[in-house]
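Chemist: Structural data only, the sequence is not supplied:
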């Protein structure tokens, strides 16, 4: 039997403008899982490269990284049409009830930087 568990939080950013400096700044202290650009958009998926045990701690760590970016990178952040924290969970059969909380301060922090939240559930294999 498989257990339900928190996997990670991916920061997903997308822009019609250049985000190379933003990706570079974040990549100094995080893992750039994906960075793709074409003539119409740029898309990146970034994950904390520290051991996180909850969505709340992962999001706060990523917020710290965003807040510490250079001025140019922060301008690129503001140009993004998508700024989403995607919280990933592995589904399973146990426990019967499973929950993870985001604290009010974390929600305020997410809102202050203009980001959103998405939840992804991965099926039992």
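Modeler: It's in. All figures in this text were calculated on a predicted structure; none of them were measured in a lab.

Chemist: Tell me where the protein has helices.
Modeler: Here the chain has its helices, by DSSP state H, at 20-27, 55-67, 71-79, 104-112.

Chemist: Tell me which of those helices sits nearest to residue 46.
Modeler: helix 20-27 (5.2 Å; CB to CB). To be clear about C-beta, it is placed using only N, CA and C from the backbone, and glycine gets the same treatment.

Chemist: Adding distance to residue 121 and mean neighbour count, write the helices of the chain out as a markdown table.
Modeler: Formatted as a markdown table, those follow (distance: least, CB to CB, whole Å; neighbours: other CB atoms under 10 Å):
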| stretch | distance to residue 121 | mean neighbour count |
| --- | --- | --- |
| helix 20-27 | 25 | 19 |
| helix 55-67 | 13 | 19 |
| helix 71-79 | 28 | 15 |
| helix 104-112 | 20 | 13 |
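
Chemist: nearest to residue 38, of these?
Modeler: Of all these, helix 20-27 comes closest under CB to CB, at 13.5 Å.

Chemist: if we can go back for a sec, mind putting the helices of the chain into CSV with distance to residue 98 and mean pLDDT?
Modeler: Output for the helices of the chain, formatted as CSV (distance: least, CB to CB, whole Å; pLDDT from 0 to 100):
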stretch, distance to residue 98, mean pLDDT
helix 20-27, 30, 97
helix 55-67, 12, 97
helix 71-79, 32, 97
helix 104-112, 19, 98
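
Chemist: okay if I get those as a markdown table plus distance to residue 33?
Modeler: Below are the helices of the chain laid out as a markdown table (distance: least, CB to CB, whole Å):
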| stretch | distance to residue 33 |
| --- | --- |
| helix 20-27 | 10 |
| helix 55-67 | 13 |
| helix 71-79 | 18 |
| helix 104-112 | 20 |
